[in-house]
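Q: no sequence on this one, just coordinates:
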C-alpha cells in the first residue's frame, strides 16, 4: 500500500480539538496529502474524537462506525481514530474496533505521520502515551479564512469533580508566549482578522511560568496590537483567575470583544463545594457586577442534576439566572464519567429529573436571551460578514462568538464578501438571532 494522497477529517467536540485537527491536516499537507470535503473521496479518513461526556463519546463512536463504511463504499484505505477518546480508552477501542487501522492519543500528534507509515506497512499502531507536550506545526484552517482559533495552553489543574479533562489532557501547561505571538501574526497576515484565544482555562495563562504571574491581559494586548488583527476574543475563563486587570483589558481595547466566557457551573455554595469549584456564591455575584459595570456581555455554562442537587438548590440556580440575566447561557445535564470524583458519589439524580431541570433552565434563558437581543434593536453594530447570497447576508457582532452564539441576518445593497466588516442597523430580534440592514 502507498501513502494516501487524500484525507477526509471529521473533528468532533470543542474548538480546542479543532485546532488539533488543523495541525494534523497541516502535517499531511506537508506530505502532499490533499484534504477533501467528501469522505467517500478520501483514501485516509481521520476521526478526531471527543471524550468529555457520555453523549460526546456516543457521537464519536457512531461517527467512527459511519466512516468505517467508506472502506466498502468509498476509496478509504486507512481509517485513523485520534483525540480524547483514544487517549482515554486506547486498549478498549483497539479491541472493539478491528476496522480501525490506527489509534493516536492527544500526546502523540508529533508521531502522526510515523503512525500512518506504520499502517501503510501493515501494522495497526496504537500511540497513546502519557507525556504531554506542545507541538508546533503549520495548520490548515477548517474555519472560514477570516476567523481562527489560537490555543494558548493545554491541560487543567482545576480538578472539578465532574470533569475528565485532566485525566485526558494532563496537568495545566501554558504554551510559550513567543510561539503564540508568532502564530497570531502568521494567521492574521494570512487573512484571519478575527482571532479567538482558547484553552481549558485561559485566564490561568502564565501561572506556571517562572514568577507565576497571570499573563492573559498582556498577551491579549500584544495580540490586539498586531496590525492585521481586527477583532480578538477570549473563551473559557475560570472565575477565580479573572482579575480586574483582565476585565479592564477587555473593556478598554476596541479591538477586544467586550464579551467574556465564564463557565460558572452552579451558584449554590454546597453544590460548588461538591463540584470542587473554587469560589462561592458571593464571589460569583461580585464578578458579575464587575463585568456589568464595564458593560461586558457574559456567556456562561451551568450543570444541572449534579449528584445531591436538591429541588431547593436548583431553584436557587434558577433565581440567580433570572437575576443575573446572562447575555448567553449554555447548560448540560450532569454525565457521570469514570475516574472522576463525582462518579462514585451518592445521591445521583434521576435522568428524568435532570432533563426536566435542563428544560426549565433553558426555557428561562430563552426568554432572557430574547430580551437581551430585543434591547439591541435600533442600534448599529460593526458586523463581520460570514456569508452572503442573493442580497441576504449572515454575520456576527463582537457579542457573538463563532459557532456557539447566534448570527446577524441582514440585507445590503452592495453585497459584501465574507471577511468584510460592515455597519449594520438592527431591525429585529428573536431569542438567538438578529435581523438588520447594512448602512
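A: Cool, the structure landed. Just so it is clear, the structure is predicted and the values come from calculations on it, not from any experiment.

Q: okay, now the unreliable bits of this protein?
A: When residues are selected by pLDDT under 70, none of them lie in the chain.

Q: residue 438: neighbour count?
A: If you count neighbours by other Cβ atoms under 10 Å, residue 438 ends up with 18. (Glycine included, C-beta is placed from N, CA and C.)

Q: which parts of the stretch 101-250 of the chain are helices?
A: Along the stretch 101-250 of the chain, the stretches classed as helices by DSSP state H, counting those that start in this stretch are 112-120, 165-169, 177-189, 216-224, 244-252.

Q: please apply the same query to the stretch 251-400 of the chain.
A: Using DSSP H, counting those that start in this stretch, helices in the stretch 251-400 of the chain cover 269-274, 281-293, 311-324, 351-374.

Q: how much distance is there from stretch 186-198 to the middle of the chain?
A: Here stretch 186-198 is found 16 Å from its chain centre; the criterion is Cα atoms, centre = their mean, to the nearest Å.

Q: quick one: buried residues of it?
A: Residues of stretch 186-198 classed as buried by neighbour count (16 or more other Cβ atoms under 10 Å): 187, 188, 192, 193, 194, 195, 196, 197, 198.

Q: residue contacts, the last one?
A: Residues in contact with residue 198 (Cβ atoms under 8 Å, 6 or more residues apart in numbering) are 14, 15, 16, 19, 149, 150, 151, 152, 234, 235, 236.

Q: what about the last one, neighbour count?
A: Applying other Cβ under 10 Å, we find 22 other residues in the vicinity of residue 236.

Q: what do you get for residue 315?
A: 13.

Q: same question for the one 10 residues further on.
A: Here the number of neighbours of residue 325 (other Cβ under 10 Å) works out to 16.

Q: the residue nearest to it when sequence neighbours are not counted: neighbouring residues, count only.
A: What sits nearest to residue 325 in space, not counting adjacent residues and going by Cβ to Cβ, 6 or more residues apart in numbering, is residue 368, at 5.2 Å. Number of residues near residue 368 (other Cβ under 10 Å) recorded here: 18.

Q: ok so, going back, now the two most distant members of the buried residues of stretch 186-198.
A: 193 and 198 (17.2 Å; Cβ to Cβ).

Q: enumerate every residue touching the residue nearest to residue 325.
A: The contact partners of residue 368, by Cβ under 8 Å, 6+ apart, come to 321, 322, 325, 326, 329.

Q: among the residues you listed, which two are most distant?
A: Across these (Cβ to Cβ), the longest gap, 11.2 Å, separates 322 and 329.

Q: neighbour-wise, which of those two wins?
A: Neighbour totals were compared for residue 322 and residue 329, and residue 329 leads with 21 against 12 (other Cβ under 10 Å).

Q: that's all I had, so thanks and see you.
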